[in-house]
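J.: sequence and predicted structure below; questions after.
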Amino acid sequence: MDDLPLILAAPLMAVMLWTDLRHMRIPNKLVGAVAALGIGCAFAGLMPDLAPRLIAGAAVFAVGIALFALGMMGGGDVKMLAVLVPLVPPHDLPAFGMLLAMTMLAGALLLAGVRRTVGGPDSAWVSLRVRGRYPLGVSIAAAAMILPLGI
């Protein structure tokens, strides 16, 4: 049951999806909750291959910091990916990366259409008001929730 940490994280991913769409923000408390879940899973023995998972998380964090410095990623996205990647079984990392790319493309296209129909400066949803930015937490959450389904 390699995917159990991701399955346990699904409710937190749903909250992230909602808050990033609504406010274009991933709260630090949510990042902390995912990190705490990872620590709990590690202590419970649900992640026996902990070293490669932590190395992957550190690598994602390093790349994310560079992308943040270039203005290509938000800080919450970087932090969330860094604490979420260790929950992904190492052999599933390529599939997670592919799912993340696919959900980013699908999400960007969908959001562009929604912005044209119901978005605008009067929208209460920040992601529908802001142009030129994408709530990456939506794709991170979607990829994390789809991966355990094996599709």
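T.: Received it, and whenever you're ready, just let me know what you need. Numbers count the residues shown, from 1 in each chain.
J.: average pLDDT across stretch 97-112?
T.: The average of the pLDDT scores along stretch 97-112 is 96.
J.: list the buried residues of the helix or strand of the chain with the lowest mean pLDDT.
T.: Lowest on mean pLDDT, DSSP states H and E among the helices and strands of the chain sits helix 126-129, with a mean of 90. Across helix 126-129, burial judged by 16 or more other CB atoms under 10 Å covers S127, L128. C-beta coordinates here come from the backbone N, C-alpha and C atoms, glycine included.
J.: which residues touch that helix?
T.: With contact meaning CB atoms under 8 Å, 6 or more residues apart in numbering, helix 126-129 is reached by 20-25, 111, 114-115, 118-123, 133, 135, 138.
J.: quick check: next helix or strand after it?
T.: helix 136-146 (DSSP states H and E).
J.: which other helices and strands does that next one contact?
T.: helix 4-23, helix 75-84, helix 93-117 (3 or more CB pairs under 8 Å, 6 or more residues apart in numbering; DSSP states H and E).
J.: helix 75-84 and the last one, what's the angle between them?
T.: Going by axes from the mean of the first three to the mean of the last three CA atoms, to 10 degrees, helix 93-117 is angled at 150 degrees with respect to helix 75-84.
J.: so which elements touch helix 93-117?
T.: helix 126-129, helix 136-146.
J.: please repeat the previous calculation with a cut-off of 6 Å.
T.: helix 136-146 (3 or more CB pairs under 6 Å, 6 or more residues apart in numbering; DSSP states H and E).
J.: now do the helix it packs on: distance to the chain's middle.
T.: Computed by CA atoms, centre = their mean, to the nearest Å, the chain-centroid distance of helix 136-146 equals 5 Å.
J.: ok, residues contacting that helix?
T.: With CB atoms under 6 Å, 6 or more residues apart in numbering as the test, helix 136-146 has contacts from 6, 10, 13, 16-17, 20-21, 26, 77, 80, 84, 96, 99-100, 103-104, 107.
J.: rerun at 8 Å
T.: So helix 136-146 is contacted by 6, 9-10, 13-14, 16-17, 19-21, 26, 73-74, 76-77, 80-81, 84, 87-88, 96, 99-100, 102-104, 107, 111, 127 (CB under 8 Å, 6+ apart).
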